[in-house]
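1. Just need the structure, nothing else, for what follows:
(chains A and B)
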Amino acid sequence: MNINATMFGQAISFAIFCWFCVKYVWPPLIDAIEARQKKIADGLADAERAGKDLQLAQAKASEQMKDAKSEAAVIVEQANKRKIQIIDEAKELANLEREKILAQGNAEVEAERNRAREELRAQVAALAIAGAEKILERSIDKEANKHIVDKLVAELK
Amino acid sequence: MAAEGNVSGYIQHHLTNAQMCMADGGLAFNYACKDAGFWTWHIDSLLFSVGLGALFLFLFYKAGQKATTGVPGKFQCFVEMMVEFVDGAVRDAFHRTDRVIAPIGLTIFVWIFLMNLMDLVPVDFIPHVAGLMGAEYFKIVPTTDLNITLGMSIAVFGLIIFYSIKVKGVKGFTKELTLQPFNHWAFIPFNFLLETVTLLAKPFSLALRLFGNLYAGELIFILIAALVPLWAQWTLSVPWAIFHILVIVLQAFIFMMLTIVYLALAHEDH
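-> Sure, this is the predicted structure:
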């Protein structure tokens, strides 16, 4: 094996190749790799943050749901109370109205009955007098017998 | 492949590089270069090493130009895996990233891997084609040429010296060479000898390790091709090739890793 100038040729080409690699080949590759590493790291961090955010949002949502449920329960209870109250009020009002109507009816009935009775009484008195007149076939002193007739009428009551 | 009795000639032929030199005022090849001595060039080794290096740089440069930070394509993924792999090795050695040493490591790894990969091309394919085109000798595995591995390790040696001086200064580097391991003025020559041997052992061990492994691997392929009958060659060459896949990756990795470690050591202050 003979040592010769090939050695220097190789050393020089090695130096040139190294220079080229250092200057033009390595930088874009390592830059791309590092940029991607950063991107991936950012992406992972984002994903982690998003996961945390999601958890927070879920917790918040469930809390809100719970609040809403309890609120709804309160509202329903209130509504029930109100319903009962309204029904009570209505019942009371209806009762009052009924009593009023009943009282009015009663009063009217009473008044009508009184009127009818008065009328009847008058008619009965006239009828009695007319009957008596017919029976006696004579004129009687109306004034003189009035108290008899009145007594009769009073008995009709 | 080889005729009986011509086995050693066949092997010798496959282990000889195509040579080029200046002789008699013009370019001369192969036998004409016998007397050229040091100033001979192994054009096959240089052609393949530079070609493969250029191929690597071209592919990776294109990947770098098209690199997106979004979803990468398959080739970009592959390139990024290599980049990350080398970057990780540098980070382990330096405890930080380095935008000069890491790309050098990448160049070493991929380039040596590609050169080693030529070992898996059947030993007669390209030399035969080259022979038809008039080239008598043609070795396509640059890393089985000691000149190539030495050339790379010399460049690495230059980097070690450069970083030692850059980080520690001339004074610090001199101190490191002379005042270790025995910190006494009387030991300075001894220390210097010891440290110089340590320093020089680095590039030589790099070069010889890579060369030795690949040369041995190539030799076994050649022996299989030379000694085993044609119909039975696959029973040996296929298992050896599969095992060799491991070797070529491992040797490329070792060269890169040791370079990084040596440069990390050059950065260390004692």
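2. CA only for contacts and neighbour counts going forward, please
-> OK.
3. Residue 22: what secondary structure?
-> All of this refers to chain A. helix (DSSP: H, G, I helix; E, B strand; the rest coil).
4. The intended chain is chain B.
-> strand.
5. The one 5 residues further on now?
-> Following three-state DSSP, the label given to B:Leu27 is strand.
6. One more: the one 4 residues further on?
-> Reducing the assignment at B:Tyr31 to three states with three-state DSSP gives helix.
7. Show me what the helix or strand A:Lys83 falls within is packed against.
-> Using DSSP states H and E, A:Lys83 maps to helix A:26-136. Counting contacts by 3 or more Cα pairs under 8 Å, 6 or more residues apart in numbering or on different chains; DSSP states H and E, helix A:26-136 is packed against helix A:142-156, helix B:43-66, helix B:74-94.
8. Which of those helices sits closest to A:Ser70?
-> helix B:74-94 (57.6 Å; Cα to Cα).
9. what does chain B put close to chain A?
-> Within chain B, the positions near chain A by Cα under 8 Å from any Cα of the partner chain are B:37-43, B:46, B:49-50, B:53-54, B:57, B:60-61, B:63-65, B:67-70, B:80, B:83, B:99-100, B:103-104, B:107, B:146-155.
10. Can you flag the buried ones in those?
-> Taking 16 or more other Cα atoms under 10 Å in any protein chain shown as the criterion, what is buried in the residues of chain B next to chain A is B:40-43, B:46, B:49-50, B:53-54, B:57, B:60-61, B:63-64, B:67-69, B:80, B:83, B:103-104, B:107, B:146-155.
11. Now residue 30: closest residue in space that isn't a chain neighbour?
-> I went with chain A, as the question did not name one. Nearest residue to A:Ile30, sequence neighbours excluded (Cα to Cα, 6 or more residues apart in numbering or on different chains): B:Val83, at 7.2 Å.
12. oops, chain B please
-> Closest to B:Asn30 by Cα to Cα, 6+ apart is B:Gln19, at 4.8 Å.
13. OK, contacts around the one you found?
-> B:29-30, B:33, B:40-44 (Cα atoms under 8 Å, 6 or more residues apart in numbering or on different chains).
14. any chance of those residues in JSON lines, plus pLDDT?
-> As requested, those are exported to JSON lines (pLDDT from 0 to 100):
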{"residue": "B:Phe29", "pLDDT": "82"}
{"residue": "B:Asn30", "pLDDT": "79"}
{"residue": "B:Cys33", "pLDDT": "78"}
{"residue": "B:Thr40", "pLDDT": "85"}
{"residue": "B:Trp41", "pLDDT": "87"}
{"residue": "B:His42", "pLDDT": "88"}
{"residue": "B:Ile43", "pLDDT": "87"}
{"residue": "B:Asp44", "pLDDT": "88"}
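15. Between all of these, which two are separated the most?
-> Greatest spatial distance in the contacts of B:Gln19: B:Cys33 and B:Asp44, 14.7 Å, computed using Cα to Cα.
16. Quick check: B:Arg91 touching B:Gly105?
-> No: look at B:Arg91 against B:Gly105 with Cα atoms under 8 Å: they stay out of range, at 11.7 Å.
17. Look at the two and report which has more neighbours.
-> The neighbour count for B:Arg91 versus B:Gly105, taken as other Cα atoms under 10 Å in any protein chain shown, is higher for B:Gly105 (26 against 15).
18. Which helix or strand contains the more buried one?
-> Counting by DSSP H and E, B:Gly105 is part of helix B:101-117.
19. Packing partners of that helix?
-> The helices and strands touching helix B:101-117, judged by 3+ Cα pairs under 8 Å, 6+ apart, are helix A:6-20, helix B:43-66, helix B:74-94, helix B:233-267.
20. What separation is there between B:Ile160 and B:Ile260?
-> Going from B:Ile160 to B:Ile260 by Cα to Cα, to the nearest Å gives 10 Å.
21. With B:Ala207 instead?
-> Using Cα to Cα, we find B:Ala207 at a distance of 15 Å from B:Ile260.
22. Residue 96: neighbouring residues, count only.
-> Unless you meant another one, I'm taking chain A. 12.
23. Chain B is the one I meant
-> B:Arg96 has 11 neighbours, counted by other Cα under 10 Å.
24. So which helix or strand of chain A has the lowest pLDDT on average?
-> Every helix and strand in chain A was compared by mean pLDDT, DSSP states H and E; the lowest is helix A:142-156, with a mean of 76.
25. What are the buried residues along that one?
-> Result for helix A:142-156 [16+ other Cα under 10 Å]: buried residues A:149, A:153.
26. what residues are up against B:Thr69?
-> So, once contact is read as Cα under 8 Å, 6+ apart, B:Thr69 ends up touching A:32-33, A:35-36.
27. want to try JSON lines for those residues, with distance to B:Phe125, pLDDT and neighbour count as columns?
-> Formatted as JSON lines, the contacts of B:Thr69 follow (distance: Cα to Cα, whole Å; pLDDT from 0 to 100; neighbours: other Cα atoms under 10 Å in any protein chain shown):
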{"residue": "A:Ala32", "distance to B:Phe125": "40", "pLDDT": "90", "neighbour count": "20"}
{"residue": "A:Ile33", "distance to B:Phe125": "40", "pLDDT": "89", "neighbour count": "22"}
{"residue": "A:Ala35", "distance to B:Phe125": "45", "pLDDT": "91", "neighbour count": "15"}
{"residue": "A:Arg36", "distance to B:Phe125": "43", "pLDDT": "90", "neighbour count": "17"}
